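J.: Next input, structure requested:
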Amino acid sequence: MKIRFGYVANALGLWDASPSKTLTFARYSKLPKEERLDTLKTVTAQNLHHTKRILCYNIAHEIELYRFSSMLAPLATHPEAGWDYITPFKEEWKELGRLIKKYQIRTSFHPGQYTLFTSPRKEVTKNAVQDMEYHYRMLEAMGVLNTSIMNIHIGGAYGDKVQTLERFHENLKELPDKVQYYMTLENDDKTYDVKETLEASEKEKVPMTLDYHHYMANKGEVELENYLERIFNTWSHRDIPPKVHISSPKSASAFRSHADYVDLVFIQPFLKIAKELNRDFDIMIEAKQKNLAMLQLVEDIAKIRGVKRLSGASVEY
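T.: This next block holds a predicted model:
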């Protein structure tokens, strides 16, 4: 089976290349009104330029998996500062898409923790829809929707998981179908485990992104070997491989926190289970050292007997 590896947002080692430069609303509000839009455009232009630099780094290192920063366009969804972040950068979005398509890079977004559909408050659902549409529009502007996803968590339990899951499915109806099609659901490290997330994914007919570290922190009664094939099958309607998130604990006492690098011993049980299915899939590394941790893990896995390294960031396992 072929496994491709990728990382999140920042390519460490590139000088001054953060794609997440921001402008807070407090700072924005203090600017003279005639300078506000120009400042937003300046910060966004930097983020898009740095994203292009990172994509070029990925191309040079044969990395075919990358998660964009969600902060590319600051204050894009703020109720008092929302602005057109697409039109002024039409060519820049197209250029990013051109690189992604030419070099067949699979991209994604991971909207933040407040983008959820479980809240009893209608304004939270409204904001979640707006945030998902924000991410959708960026992928659309790049022309890379067909190979991309927007991954979210189910959200909080609000003291009653059964009732909250019912509300999740009801609130999700507010999300336009064209946006939901590119959505995935990820299991949590505290709340919704693999089984609960999988059942929600199957009901909504959206793919499930397995997070192995979260699974190990929140196993419940679930044995992963009994669920992995079903998880991978949720991707059947998309012409892209299943995707898995990988990280390892910072320490025994900070088990849910991500370590700088990925401990091969920690993830080997998962690799063994996946090997039994013999299906291609992709791994997103969520370690603190980002691209450096990803490259190190590829090196470590490539040293396993019988594993063949196919490129800078892929192996035949």
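J.: And the helix or strand containing H213, how far out from the chain middle?
T.: Per DSSP states H and E, H213 falls inside helix 212-217. On the basis of C-alpha atoms, centre = their mean, to the nearest Å, helix 212-217 sits 16 Å off its chain's mean C-alpha point.
J.: State the mean pLDDT of that helix.
T.: Across helix 212-217, pLDDT averages out at 98.
J.: What of stretch 254-271?
T.: Averaged over stretch 254-271, pLDDT sits at 97.
J.: Next: stretch 221-241.
T.: Mean predicted confidence for stretch 221-241 is 96.
J.: For it, buried residues please.
T.: By neighbour count with 16 or more other C-beta atoms under 10 Å, stretch 221-241 contains the buried residues 222, 224, 227-228, 231-232, 234-235, 238, 241. C-beta: built from backbone N, CA, C; applies to glycine.
J.: For my notes, please list these in CSV and give distance to I105 and secondary structure for each entry.
T.: Listed next are the buried residues of stretch 221-241 as CSV, based on distance: C-beta to C-beta, whole Å; DSSP: H, G, I helix; E, B strand; the rest coil:
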residue, distance to I105, secondary structure
V222, 32, coil
L224, 28, helix
Y227, 29, coil
L228, 25, helix
I231, 23, helix
F232, 21, helix
T234, 23, coil
W235, 18, coil
R238, 16, coil
P241, 14, coil
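J.: All the helices of this structure, residue numbers only.
T.: Using DSSP state H, the helices assigned to the chain run over residues 25-30, 33-60, 90-102, 122-142, 161-171, 177-180, 194-204, 212-217, 228-233, 264-277, 290-302.
J.: Serialize those helices to CSV and add fields for distance to M150.
T.: What follows is those, written out as CSV (distance: least, C-beta to C-beta, whole Å):
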stretch, distance to M150
helix 25-30, 23
helix 33-60, 16
helix 90-102, 15
helix 122-142, 5
helix 161-171, 16
helix 177-180, 8
helix 194-204, 14
helix 212-217, 18
helix 228-233, 18
helix 264-277, 24
helix 290-302, 20
